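# Got a sequence here, can you build the structure:
(one chain, ligands or ions: 2)
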Amino acid sequence: MDTRLVRDFTKLCSDGYAQGWHERNGGNLSYRMRDEEVEEIRDLLDENAEWREIGTEVPDLKNEYFMMTGSGKYFRNVELDFEDNVAIIRVNEDGTKYQIVFGLVNGGRPTSELPTHLMNLEVLKQRDPEMRVVYHCHPANTIALTFLLPCDDQIFTREIWEMMTECPIIFPKGIGTVEWMVPGGREIAVKTCEIMKTKDVAVWFHHGMFACGHDFDEAFGLMHAVEKAAEILLKVMSVSDRKLQTITPEGFREIEPASNVKLDESCLYERVDGRIGRK
Ligand code: 13P
Ligand code: ZN
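Numbering: from 1, shown residues only. Ligands and ions are numbered 1, 2, ... in the order given. Next comes the predicted model:
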């Protein structure tokens, strides 16, 4: 299958692998397909495939089609054999089951994070019908920070925002944090989609990160921006536990009119001595 969508999906997988964010089968990617993208490949779809339980309910995604990586599959291999590593699934009439209508030709099932991907895609569709991509990876610098920063949305966001002036413009609603929990189930999916109701990024402590977007470039670019800022923060923290100077709350507020964004004001708390955390 050689469509624009397949090429864009594959490019993100290769780019993410090149960044070092996808050791072994780490990470997963999903996309809510447009009607015309389904029609383009309609002849290739097996609409009689067996129905399986999603493990949660996504009624607002009923009868929709999704492209997503398979469980245990390596991002590295998507460009080598798309049909072995990726699936197209269809959600049933009440949003509780799915069938694999294309792909995973050598067997398997969609990513183990299926509940999180679908619940996030449902919340994002409610926010904006054109939000279509959910991307999960294991980027080393962001994960390292989850051992050094508290599991606190405001503090995590503020520390990352301060590292690069563009960060608050790219994700003005900030970063959500999820304390460590067992991945792959409904519980972590519920926590993550609470965040995705308002924000575009969620960090799973000691595990990885989720980012969303209207398209693959946006989701990848967001992930890249957060991870690069995390790398800078780690470099700063490895030299000193205090910053000599940084962007001030007043400075962040001045960004708002210039960039036409509204920042989450709760992240602009007063701090002491350039140290991490609130006053
Ligand atoms: P899958 O191979 O099932 O997608 O799992 C990878 C992962 O990163 C789980 O969080
Ligand atoms: Zn993971």
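# how about the helices of the stretch 101-250 of the chain, start to end?
Across the stretch 101-250 of the chain, reading from the start of the chain, the helices by DSSP state H, counting those that start in this stretch fall at 114-127, 140-145, 153-163, 167-170, 186-196, 216-239, 249-259.
# can you put those in TSV and add distance to ligand 1?
Where you see a C-beta, it was placed from the backbone N, CA and C, and this is true even at glycine. Listed next are the helices of the stretch 101-250 of the chain as TSV, based on distance: least, C-beta to the nearest ligand atom, whole Å:
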stretch	distance to ligand 1
helix 114-127	8
helix 140-145	12
helix 153-163	19
helix 167-170	23
helix 186-196	9
helix 216-239	14
helix 249-259	33
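# I'd like those helices written out as JSON lines, with mean pLDDT and mean neighbour count added.
Below are the helices of the stretch 101-250 of the chain laid out as JSON lines (pLDDT from 0 to 100; neighbours: other C-beta atoms under 10 Å):
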{"stretch": "helix 114-127", "mean pLDDT": "98", "mean neighbour count": "23"}
{"stretch": "helix 140-145", "mean pLDDT": "99", "mean neighbour count": "20"}
{"stretch": "helix 153-163", "mean pLDDT": "98", "mean neighbour count": "24"}
{"stretch": "helix 167-170", "mean pLDDT": "98", "mean neighbour count": "21"}
{"stretch": "helix 186-196", "mean pLDDT": "97", "mean neighbour count": "19"}
{"stretch": "helix 216-239", "mean pLDDT": "98", "mean neighbour count": "19"}
{"stretch": "helix 249-259", "mean pLDDT": "96", "mean neighbour count": "13"}
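# Show the contacting residues for the residue of the stretch 151-279 of the chain found nearest ligand 1.
Nearest to ligand 1 in the stretch 151-279 of the chain, going by C-beta to the nearest ligand atom, is Pro183, at a distance of 4.5 Å. Taking C-beta atoms under 8 Å, 6 or more residues apart in numbering, we find Pro183 in contact with 112-113, 204, 207.
# Any quick PyMOL command for the buried ones out of those residues?
Command for PyMOL that selects the buried part of the contacts of Pro183, burial taken from 16 or more other C-beta atoms under 10 Å:
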select buried, resi 112+113+204+207
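# what two of the contacts of Pro183 are the furthest from one another?
Pairwise distances across the contacts of Pro183 peak at 13.3 Å for Ser112 and Trp204 (criterion: C-beta to C-beta).
# and the contacts of Pro183 as CSV, adding pLDDT and distance to Gly95?
Below are those laid out as CSV (pLDDT from 0 to 100; distance: C-beta to C-beta, whole Å):
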residue, pLDDT, distance to Gly95
Ser112, 98, 19
Glu113, 97, 17
Trp204, 98, 24
His207, 98, 26
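# Go back to the contacts of Pro183 and keep what's next to ligand 1.
Contacts with ligand 1 within the contacts of Pro183, counted by C-beta under 6 Å from any ligand atom: 112-113.
# Report the buried residues of stretch 65-79.
Within stretch 65-79, the residues scored as buried using 16+ other C-beta under 10 Å are 65-71, 73-78.
# Any chance of CSV for these, columns pLDDT?
Formatted as CSV, the buried residues of stretch 65-79 follow (pLDDT from 0 to 100):
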residue, pLDDT
Tyr65, 98
Phe66, 99
Met67, 98
Met68, 98
Thr69, 99
Gly70, 98
Ser71, 98
Lys73, 98
Tyr74, 98
Phe75, 98
Arg76, 98
Asn77, 98
Val78, 98
